[in-house]
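# please find the sequence and the predicted model below.
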Amino acid sequence: MPQYITAGESHGQGLVALIESFPAGIPISLKEINHQMFRRQQGFGRGQRMKIEADKVKILSGIRNSKTLGSPISMFITNKDWVNWRKIMHPDNPVSKKLSPAQKKRAYDVTAPRPGHTDLAGAIKYDTKDLRNVLERSSARETAARVACGSVARQLLEQFSIKIASHVISIGKGTLKKKKLSFDDIYLNADSSPVRCVNKEAEKSMIDAIKEARKKQDTLGGVFEVRITGLPIGLGGNAQWYNRLDANLAQAFMSIQSVKGVEIGEAFTNAAKFGSQVHDSIYFNEKQTGNQSKGFWRKTNAAGGIEGGLSNGADIIIRAACKPISTLMKPLNTIDVKSKKDTLAMIERSDICVIPAAAVVGEAMAAMVVSECFLNKFGGDSFNEIRDNFRGYLEREF
Ligand SMILES: Cc1cc2nc3c(=O)[nH]c(=O)nc-3n(C[C@H](O)[C@H](O)[C@H](O)COP(=O)(O)O)c2cc1C
């Protein structure tokens, strides 16, 4: 099973994406990886940083002539902003000797932890009063490397007609009311909206909410949704808690910076209904035998495509709630970790709202998790071996 690992600080030289145990012979397009990198950088409400960075991936190993080799895949994404930070972030620079007083302050006097960030807990955990040592890695700049990994994972899945899409359901009070959307409604339309919203009226309400937050020098959160289509029935695990597909997706989505809630299907709405109103009745159509769900199908999908930890052949639907961005231009009260005196939280250049970008990161997390459970079931060392296993499962009579 593949392992996806990232490294790198927000203002360091760059980010590293590393994929271990990925099968050989999978066609990989660098152009497609860079397209996913571009998608992560879009969205109304992003900050200055996105104007500096135009993320491009350099593949260092594991791919030859656009196909995976079975060896570790490593990728590098340069931080363009590094030129402005090299004296501060250099791995072996004796910093203090080379910095101007203003740079020294920026480098070392980061002592006012921001409520909502890792700053305080991280400082105590790692025993440092230099909060930059903590915040550099906690920053969601790291999600660029996740998207690079996710793009490799989704290129494998697409070989088996498994596709992933995302859209935004709410930003602040701006909400998409119409929820009955097909996979293609989202897949084909979300990218053209500056807030990844497929309904014009709702899009306007989201943009207005961001404009209002900007005017007030405040920030916003929201809810995004990721869908996965084409997944065969029976992926994941029902026998051990750590193999359940819903559990693994929830863990992956919760790991996205600012995500504080995850639901599969209409979980929170379903909680207030009777069982008879919620569960998706099962039907059978012989003509569909041999497909992803062996002819079994549902008219509804309140379960969000997962029952008992296993995919049930319907589209998987995951929603994630993000808290508002924590760095505030009108900062909250905090305590200076050196002087222990009252002060205002530090201000680091920041986004106002990141829900559209978080949705693209969600797609990458979904791709990583699904590739793991897909290879757990159909895995092999090469593309051909996996394809044979996959076909065998689909063609086996039930
Ligand atoms: C794509 C993306 C971009 C983000 N950009 C910022 C930002 O510019 N400023 C900020 O304060 N938080 C930003 N965040 C959120 C913080 O990284 C996150 O709130 C913080 O690391 C604390 O982690 P937690 O919210 O998961 O507890 C961003 C999150 C994502 C997903």
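Yes, it's here. Note that the coordinates shown come from a computational prediction; the quantities given were computed from them, not determined experimentally.

# which residues of the stretch 151-300 of the chain lie near the ligand?
256-258 (CB under 6 Å from any ligand atom). Bear in mind the C-beta positions are built from the backbone N, C-alpha and C, glycine included.

# all the helices of the stretch 51-200 of the chain, in order from the start?
For the stretch 51-200 of the chain, the helices defined by DSSP state H, counting those that start in this stretch cover 82-89, 95-98, 101-108, 119-125, 132-138, 143-158, 183-189, 200-215.

# any idea which of those helices is most buried?
helix 143-158 (a mean of 25; mean count of other CB atoms under 10 Å).

# quick check: the residue of the stretch 101-250 of the chain nearest the ligand.
A140 (3.3 Å; CB to the nearest ligand atom).

# please name every helix or strand in contact with the longest helix anywhere in the chain.
Longest helix of the chain, by residue count under DSSP state H: helix 355-378. Applying 3 or more CB pairs under 8 Å, 6 or more residues apart in numbering; DSSP states H and E, we find helix 355-378 packed against helix 30-40, helix 143-158, strand 163-171, strand 222-229, helix 245-254, strand 316-322, helix 383-395.

# give me the pLDDT for I88.
Listed pLDDT for I88 reads 84.

# please report the distance of it from the ligand.
Applying CB to the nearest ligand atom, to the nearest Å, the value for I88 to the ligand is 18 Å.

# would you confirm that P2 contacts A153?
Yes - using CB atoms under 8 Å, P2 is in contact with A153, at 7.2 Å.

# overlap in contacts, the two.
Overlap of the contact sets of P2 and A153 (by CB atoms under 8 Å, 6 or more residues apart in numbering) consists of 368, 371.

# where does the stretch 1-150 of the chain come near the ligand, residue by residue?
Residues of the stretch 1-150 of the chain lying near the ligand (CB under 6 Å from any ligand atom): 47, 117-118, 138-140, 143.

# what's the lowest-pLDDT member of these?
G47 (72).

# wait, isn't it in contact with C353?
No - contact criterion CB under 8 Å: G47 and C353 do not qualify, at 9.8 Å.

# more neighbours: the two, which one.
C353 (31 against 16; other CB atoms under 10 Å).

# so who does P331 touch?
Neighbours of P331 in contact, by CB under 8 Å, 6+ apart: 112, 114, 344-347.

# what about it, distance to I210?
Plainly put, P331 is 20 Å away from I210 if you go by CB to CB, to the nearest Å.

# that older thread, among the residues of the stretch 1-150 of the chain next to the ligand, which pair sits farthest apart?
Greatest spatial distance in those: G47 and T118, 18.5 Å, computed using CB to CB.

# for S138, what are its contacts?
117-119, 122, 257.

# let's see that with 6 Å instead.
T118 (CB atoms under 6 Å, 6 or more residues apart in numbering).

# count of neighbours near the closest residue to R132 other than its chain neighbours?
Nearest non-adjacent residue to R132, counting by CB to CB, 6 or more residues apart in numbering: V110, 4.6 Å away. Counted with other CB under 10 Å, the neighbours of V110 add up to 22.

# correct me, but V110 touches N133?
No - under the contact definition of CB atoms under 6 Å, V110 does not touch N133, with a separation of 8.8 Å.

# residues in contact with I386?
378, 380 are the contacts of I386 under CB under 6 Å, 6+ apart.

# need the pLDDT of it.
Looking at I386, the pLDDT reads 98.

# same thing with the one 4 residues further on?
With respect to pLDDT, F390 scores 96.

# count the residues that sit near it.
When neighbours are counted by other CB under 10 Å, F390 comes out with 17.

# K58 too?
11.

# in CSV, list the C-alpha atoms belonging to stretch 192-208.
Output of stretch 192-208 as CSV, limited to C-alpha atoms (Å, rounded to 0.1, in the frame of the first residue of the first chain):
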residue,chain,number,x,y,z
SER,A,192,-15.2,27.9,-13.2
SER,A,193,-16.5,29.6,-10.0
PRO,A,194,-14.2,31.8,-7.9
VAL,A,195,-15.7,30.1,-4.8
ARG,A,196,-16.2,26.6,-6.3
CYS,A,197,-20.0,27.1,-6.1
VAL,A,198,-22.2,25.7,-8.9
ASN,A,199,-25.1,28.0,-8.3
LYS,A,200,-24.8,31.6,-9.3
GLU,A,201,-27.1,33.0,-6.6
ALA,A,202,-25.3,31.1,-3.9
GLU,A,203,-21.9,32.1,-5.4
LYS,A,204,-22.9,35.8,-5.1
SER,A,205,-23.9,35.3,-1.4
MET,A,206,-20.5,33.7,-0.7
ILE,A,207,-18.5,36.4,-2.5
ASP,A,208,-20.5,39.1,-0.6
